[in-house]
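Enquirer: please work out how this folds:
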Amino acid sequence: MESHKKAGDRGEWASKTEYFLVVAGHVVGLGNVWRFPYFCYKNGGGAFLVPYGLFAVVLGVPMFLFETSIGQYTQEGFVTCWRKLCPLAVGIGCGLLVMKCYDFSYIIIEVWALFYLVFSFRAQIPWATCNNTWNTANCLDLQGLDSPSVNLTVNRMMLKNTTSAAVEFWERRMLGMSGGIEELGSVRWELALCLLVAWTFCYFCIWKGVRSSGKVAYFTATFPYVMLLILLIRGLTLPGAWDGIYYYMYPDVNRLADLEVWIDAGSQIIFSYSLTAGTLIVLSSYNESNNNCYRDCFWFCLLNSGTSFVAGFVVFSVLGFMAQIQGVSVDSVVQSGPGLAFIAYPQATALIPLPQFWTICFFLMLILLAVDSHFVAVEGFITTISDLFPKLFRGPRKHEIFVLIICTSSFLVHLTLVTEGGVYIFQLIDFYGSTRVCQNVMAICECLVVAWIFGADRLSNIIADMTGQRPLVFFQLCWKYTIPLLSLISFILYLLDYKRLMINDYVYPDWAYALGWTMTFSSIVMVPLCAVALMCLTPGTFKQRLSILCRPAEDPDWLRRKMDQEGTTVELTSAAT
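Expert: Residues are numbered from 1 along each chain as shown. Have a look, this model is predicted:
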């Protein structure tokens, strides 16, 4: 009876639909819209799909199944789940907890999109013209460049020594960019108000736990697809659209010989599938123990990659139109990251008839994509802390107060991101906080612990008991060999090819780079630090301590839930420790 009460207090999904929508909304995010299309274009167009597809098979799907299955089996957050699998590895969860704190900063994308959305309702789109108070003498008004009377050679000459209206709106009107991270300047009150709205919405998405986040996902996870479809249809009908799509998809097979292409493909899979982030463990921990996570992982991965592929057509059809308007090649208007979402794409939609409608559609889509990813990240953090200290934070009233404290304190901390130098702080966190180094190290540790200590065969048996389907031997090979090896290679190559972060021509001071690497290693160091601490605190000889801390804990709670649901006796195959 005690275990049932524990499970009930923790909560569970009201339906399979809510679970599917929340996970789908989380894994389909901004990386699908602005990261995948750029990587595809940069790394050989259609040829990039070869390494991307290969890594999806040997890295994405196996890791996705791996994380969702251990979450469903343990029914714990991403720290306490390791107590049941391998207590010595609890540092992995602590490292993920640190990384999650850095992930909170991605709310700034939602803030920027909300700012643009408000200005999209104006009769005149402000980033399309140069007759605004913030514009400089070098501002280029692109609205006249679509006239057939304007010579293309003149267009190119005009573009060389000017700054587009969209860039000036981004840098001068919204961000009010200072000279560097040393000059934080004042808080941009309009962005601060958007930040307050974003954190308030986040609070009401998760204040009731999965009961509220599951309901919110009915809208936030589905509406972006409506917007994506509308933008896709409009984009394909624009003049020059197929030139952009050609640049997006034209296969340059010679690029497959470049190691960077393969590294980018693996990085994109980890990033867009939300692997080694802990959230998949948390979300699946609210499932019933007989949920078919084996089948789910294929559908989620297919949805994610399919959305990325379609988003590329949406983005590059509009960039092709933009290139034709300016009389330049597509590669000259392609940007990655925030530059694509807040400069190139808005600039292009401002030149389409009914620009307000298309910009509203685009930024609504961005906001909802950011909302899903953000509130799930916060929910994962809160669930994990609650599972660590259930007496303090578990229970309806306690949970609501705890969520309020987290959201309020995060809002106050993130006010630094909406200062005049805030964009420099955000880029530093983005570049160093949850980097490929952290992801690769966590992937190696997770696979080594579960596949070699807990037992890959034991995990396969558990999945078979939960789903009625035993995973292919291929998955065990990936967990034991392929994923750790690929992650180690990627880790080494990243360090060998490391380049310092720069924004335009701005070089950060040395102390900022030191701070960045401190953020990187602050999560990684938790793995050995917690292991050493546990070895010191556990009684017995060194060999006895190691044996105790590496021994998987029995899970009578899971067995009892399984028996209650099926009315049968369940036996799990033990693995040698």
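Enquirer: C-alpha only now, for contacts and for neighbours.
Expert: Will do.
Enquirer: all helices of the stretch 401-550 of the chain, in order?
Expert: Using DSSP state H, counting those that start in this stretch, the helices of the stretch 401-550 of the chain run over residues 422-432, 436-447, 456-467, 473-477, 483-496, 510-524, 526-537, 542-549.
Enquirer: no, scratch that, I was asking about the stretch 51-200 of the chain
Expert: Shown for the stretch 51-200 of the chain, the helices assigned by DSSP H, counting those that start in this stretch span residues 61-74, 81-85, 90-103, 107-119, 152-160, 165-168, 189-206.
Enquirer: counting by contacts, list what the first one packs against.
Expert: I take that to be helix 61-74. Contact partners of helix 61-74 among helices and strands, from 3 or more Cα pairs under 8 Å, 6 or more residues apart in numbering; DSSP states H and E: helix 81-85, helix 279-284, helix 293-326, helix 456-467.
Enquirer: so which of the helices of the stretch 401-550 of the chain gets nearest Asp296?
Expert: Between Asp296 and these, the tightest spacing by Cα to Cα is seen for helix 456-467, at 10.3 Å.
Enquirer: so how far is that closest one from its chain's centroid?
Expert: Between the mean C-alpha location of helix 456-467 and the chain-wide mean there is a distance of 28 Å, by Cα atoms, centre = their mean, to the nearest Å.
Enquirer: packing partners of it?
Expert: When contacts are defined as 3+ Cα pairs under 8 Å, 6+ apart, helix 456-467 packs onto helix 61-74, helix 293-326, helix 473-477.
Enquirer: buried residues in the shortest one?
Expert: In other words, helix 473-477. Neighbour-count burial for helix 473-477, with 16 or more other Cα atoms under 10 Å as criterion, is recorded at 475-476.
Enquirer: and that helix, average pLDDT?
Expert: Helix 473-477 comes out with an average pLDDT of 95.
Enquirer: cool, stretch 270-281 as well?
Expert: For stretch 270-281, the per-residue pLDDT values average out at 92.
Enquirer: and stretch 50-69, by the same measure?
Expert: So the average pLDDT for stretch 50-69 ends up being 94.
Enquirer: do the same with stretch 523-540
Expert: Stretch 523-540 comes out at a mean pLDDT of 93.
Enquirer: what about the spatially closest residue to Trp127 that is not a sequence neighbour, how many residues close to it?
Expert: Using Cα to Cα, 6 or more residues apart in numbering and skipping residues adjacent in sequence, the residue nearest Trp127 is Ala166, 4.4 Å away. A count of neighbours around Ala166, defined by other Cα atoms under 10 Å, yields 29.
Enquirer: OK, contacts around Ala166?
Expert: Neighbour list for Ala166: 127-128, 343-344, 346-347 [criterion: Cα atoms under 8 Å, 6 or more residues apart in numbering].
Enquirer: tell me how far Phe64 lies from Val33.
Expert: With distances taken as Cα to Cα, to the nearest Å, Phe64 is found 21 Å from Val33.
Enquirer: can I get stretch 304-313 as PDB, trimmed to CA atoms?
Expert: Provided in PDB are the C-alpha atoms of stretch 304-313 (Å, rounded to 0.1, in the frame of the first residue of the first chain):
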ATOM      1  CA  ASN A 304      11.300  14.700 -35.100                       C
ATOM      2  CA  SER A 305      13.400  14.000 -38.200                       C
ATOM      3  CA  GLY A 306      10.400  14.400 -40.500                       C
ATOM      4  CA  THR A 307       9.600  17.800 -39.000                       C
ATOM      5  CA  SER A 308      13.200  18.900 -39.400                       C
ATOM      6  CA  PHE A 309      13.100  17.900 -43.100                       C
ATOM      7  CA  VAL A 310       9.900  19.800 -43.800                       C
ATOM      8  CA  ALA A 311      11.100  22.900 -41.900                       C
ATOM      9  CA  GLY A 312      14.000  23.100 -44.300                       C
ATOM     10  CA  PHE A 313      11.600  23.600 -47.200                       C
END
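Enquirer: residues of that stretch that come out buried?
Expert: Within stretch 304-313, the residues that qualify as buried are 304-305, 307-313, counting by 16+ other Cα under 10 Å.
Enquirer: show me the contact partners of that stretch.
Expert: By Cα under 8 Å, 6+ apart, the residues outside stretch 304-313 that reach it are 24, 27-28, 32-33, 36-37, 228, 232, 235-236, 245, 248, 272-273.
Enquirer: let me know the closest of those residues to Ala89.
Expert: Nearest to Ala89, judged by Cα to Cα, of the contacts of stretch 304-313 is Tyr273 at 22.9 Å.
Enquirer: and for the closest one, the neighbour number?
Expert: 26.
Enquirer: how about the nearest residue to it, chain neighbours excluded?
Expert: Spatial nearest neighbour of Tyr273, excluding adjacent residues (Cα to Cα, 6+ apart): Val27 at 5.4 Å.
Enquirer: next up, the contacts around that neighbour.
Expert: 272-274, 300, 304, 373.
Enquirer: for Arg122, grab phi and psi.
Expert: Backbone torsions of Arg122, given as degrees, to the nearest 10, read phi -70, psi 150.
Enquirer: can you name the residues that contact it?
Expert: By Cα under 8 Å, 6+ apart, the residues touching Arg122 are Gln356.
Enquirer: do the same with Tyr424
Expert: Here Tyr424 is in contact with 180-181, 503 (Cα under 8 Å, 6+ apart).
Enquirer: low-confidence ranges, the protein, go.
Expert: Residues of the chain that meet the criterion pLDDT under 70 lie in 1-9, 142-161, 335-337, 554-577.
Enquirer: looking at the contacts of stretch 304-313, which is nearest Leu354?
Expert: Proximity to Leu354 was ranked across those by Cα to Cα; first place goes to Gly235, at 13.2 Å.
Enquirer: host element of that closest one?
Expert: helix 223-236 (DSSP states H and E).
Enquirer: got the CA positions of that helix in CSV?
Expert: Output of helix 223-236 as CSV, limited to C-alpha atoms (Å, rounded to 0.1, in the frame of the first residue of the first chain):
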residue,chain,number,x,y,z
PHE,A,223,-0.6,24.5,-33.3
PRO,A,224,3.1,24.9,-34.5
TYR,A,225,2.3,22.2,-37.2
VAL,A,226,-0.6,24.3,-38.4
MET,A,227,1.7,27.3,-38.7
LEU,A,228,4.4,25.2,-40.4
LEU,A,229,1.9,23.9,-43.0
ILE,A,230,0.7,27.5,-43.8
LEU,A,231,4.2,28.8,-44.1
LEU,A,232,5.2,25.8,-46.3
ILE,A,233,2.4,26.4,-48.7
ARG,A,234,3.1,30.1,-49.0
GLY,A,235,6.8,29.6,-49.2
LEU,A,236,6.6,27.2,-52.1
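Enquirer: and the angle for the next helix or strand after it with helix 223-236?
Expert: In the C-terminal direction, the helix or strand that comes right after helix 223-236 (DSSP H and E) is helix 241-249. Here helix 241-249 runs at an angle of 120 degrees relative to helix 223-236 (axes from the mean of the first three to the mean of the last three Cα atoms, to 10 degrees).
Enquirer: quick one: contacts of helix 241-249?
Expert: With Cα under 8 Å, 6+ apart as the test, helix 241-249 has contacts from 37, 40-41, 45-47, 235-236, 312-313, 316-321, 330-331.
Enquirer: what subset of the residues you listed is buried?
Expert: With neighbours counted by 16+ other Cα under 10 Å, those contain buried members at 37, 40-41, 45-47, 235-236, 312-313, 316-321, 330.
Enquirer: roughly how far does Lys100 sit from Leu54?
Expert: Computed as Cα to Cα, the Lys100 to Leu54 distance reads 28 Å.
Enquirer: the two: which is more packed in?
Expert: The residue with the greater number of neighbours, taking Lys100 and Leu54 and applying other Cα under 10 Å, is Lys100; the counts read 21 against 14.
Enquirer: was I right to think the more buried one contacts Glu379?
Expert: No: counting by Cα atoms under 8 Å, no contact exists between Lys100 and Glu379, whose distance comes to 10.3 Å.
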